[in-house]
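Chemist: have a look; sequence and predicted model below, questions after that.
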Amino acid sequence: MSTNRTVRVFYAVVLATALGGSVTAAAAWLDVPWWVAVGPIAAAELGGVVLMRHANDRRKLGERAFAAMGLSFAFAALAVATNVLGHAHIGMAAFFGGFSALGYLVYLLIQGAERRDALRAAGKLEDTAPAYGVWQWVRHPGITRRARLLAQAGSLPRGASLAAAREQVRAERRQKAIATALDKLIREKAGPVMAEIAVNTYDVEHIARRIAERADLDGYAALISGDLTPAKLAGEKPAIKPPPGDTLTAVMDATTPTAIRTVTDAVSAPSPAPVMTTIRRPAKKPSGRRQMTAAEKVTAAVTKLGADASLTALMKEAGVSESSVLRHRPKPPAAVNGHRHAQEV
């Protein structure tokens, strides 16, 4: 027996039980034979099912069918109330009322699955997403939710959808960082008014996406990998012999990004020969006064202070050393008749 047939048989048994309880309750409540009450009760019991089937058919066509769904719920509630209120015994009321509600809920499940299958076959509903597991949802709920949406939109398996979701998150973060830097650059280069106009006129995120797409990844990878050689990591400076002719230019063009190559060309260009400028210093003007010698300074000090001045006073007045004073100081006169006419200091 197929699954659909098993479900339908189960539903028939549940419906028959609920219908039997409703008929016996209505017969006792209305005081009529059961064969009199079976018609109206069957219509009330099956009214909710018929109206819900009609609502599902309209929903397959894109309608909402709120009226049919509301009337279906009302019929189902009437059937459950008949089973609950129509039996004086609590056990029988709960038994038959539960079967009546269970029959309606089982039908809702069956019709809901059939409606989704029909919409999916018509291309109006996405395919089911793969199962990601409880641990994946607990660890990365945002990534998993994004992967589920991508899987439904593109029919991706579990691994591919998770990888696409992670790459999408990385791209969004990268574009956001570039857009922030670009916004800052525009506001620094332009005035406040022009920057506000530019930021609100141009799509900064679209420009950031184009910048990321045009990045010379191979050039930057070659440039960085060139600095990660064992010799450079060890601190050695090997002598590199550049290829002659245009080979060096071809190698640089193939491995260096455009921006860095421009700076390299500017740095490697030969600098112009320095211009030699002769600085003429002004000639020293001859001084009008002749510098006095040490002897002249001592003589002038002796003339001013006297021959009997002390050695310290003469040194201070002449501004010379003690040896200069002793060497250039006038000698005292010789003794006459055994007497000296000046006292030596």
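Modeler: Great, that's in hand.
Chemist: in which helix or strand does the most centrally placed residue in the chain reside?
Modeler: For the chain, the residue nearest the mean C-alpha position is residue 173 (3.7 Å; CA atoms, centre = their mean). Assigned by DSSP states H and E, residue 173 falls within helix 158-189.
Chemist: and that helix, how far out from the chain's middle?
Modeler: 6 Å (CA atoms, centre = their mean, to the nearest Å).
Chemist: next secondary structure after that helix?
Modeler: helix 192-201.
Chemist: now do that following helix: which elements does it pack against?
Modeler: Under the contact definition 3 or more CB pairs under 8 Å, 6 or more residues apart in numbering; DSSP states H and E, helix 192-201 sits against helix 158-189. No exception for glycine: its C-beta is placed from N, CA and C like everyone else's.
Chemist: okay, the angle between the helix it packs on and helix 192-201?
Modeler: 160 degrees (axes from the mean of the first three to the mean of the last three CA atoms, to 10 degrees).
Chemist: tell me how many other residues surround residue 103.
Modeler: 27 (other CB atoms under 10 Å).
Chemist: pretty sure it is touching residue 20, no?
Modeler: No. Using CB atoms under 8 Å, residue 103 is not in contact with residue 20, being 11.6 Å away.
Chemist: for residue 166, what are its contacts?
Modeler: Residues in contact with residue 166 (CB atoms under 8 Å, 6 or more residues apart in numbering) are residue 143.
Chemist: distance check, the closest residue in space to residue 294 that isn't next to it in sequence against residue 302.
Modeler: Spatial nearest neighbour of residue 294, excluding adjacent residues (CB to CB, 6 or more residues apart in numbering): residue 324 at 4.5 Å. As for residue 324, its distance to residue 302 is 12 Å (criterion: CB to CB, to the nearest Å).
Chemist: and residue 60, by the same measure?
Modeler: 136 Å.
Chemist: of the two, who's got more company?
Modeler: Taking other CB under 10 Å, residue 60 and residue 302 do not tie; residue 302 has more neighbours (19 against 16).
Chemist: my guess is the more buried one is in a helix, correct?
Modeler: Yes. Looking at residue 302 with DSSP: H, G, I helix; E, B strand; the rest coil, it is inside a helix.
Chemist: okay, and for this protein, where does confidence drop off?
Modeler: Across the chain, the ranges flagged by pLDDT under 70 are 1-3, 233, 235-290, 331-345.
Chemist: show me what counts as buried in stretch 70-90.
Modeler: 71-72, 75-76, 78-80, 82-84, 86-87 (16 or more other CB atoms under 10 Å).
Chemist: got a list of contacts for it?
Modeler: Residues contacting stretch 70-90 (CB under 8 Å, 6+ apart): 18, 21-22, 24-26, 28-29, 41, 44-45, 47-52, 55, 93-94, 96-97, 99-101, 104.
Chemist: with only the CA atoms kept, save that stretch in CSV.
Modeler: Extracted C-alpha coordinates of stretch 70-90, given in CSV (Å, rounded to 0.1, in the frame of the first residue of the first chain):
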residue,chain,number,x,y,z
GLY,A,70,-12.8,31.2,7.6
LEU,A,71,-16.1,29.3,6.9
SER,A,72,-14.2,26.0,6.9
PHE,A,73,-12.8,26.7,10.4
ALA,A,74,-16.3,27.6,11.6
PHE,A,75,-17.7,24.2,10.3
ALA,A,76,-14.8,22.3,12.0
ALA,A,77,-15.5,24.2,15.3
LEU,A,78,-19.2,23.3,15.1
ALA,A,79,-18.4,19.6,14.6
VAL,A,80,-16.0,19.5,17.6
ALA,A,81,-18.5,21.4,19.8
THR,A,82,-21.2,18.9,18.9
ASN,A,83,-19.1,16.0,20.0
VAL,A,84,-18.0,17.7,23.2
LEU,A,85,-21.3,19.2,24.3
GLY,A,86,-23.4,16.4,23.1
HIS,A,87,-22.0,13.7,25.4
ALA,A,88,-22.7,13.9,29.1
HIS,A,89,-19.8,11.6,30.0
ILE,A,90,-16.5,13.5,30.1
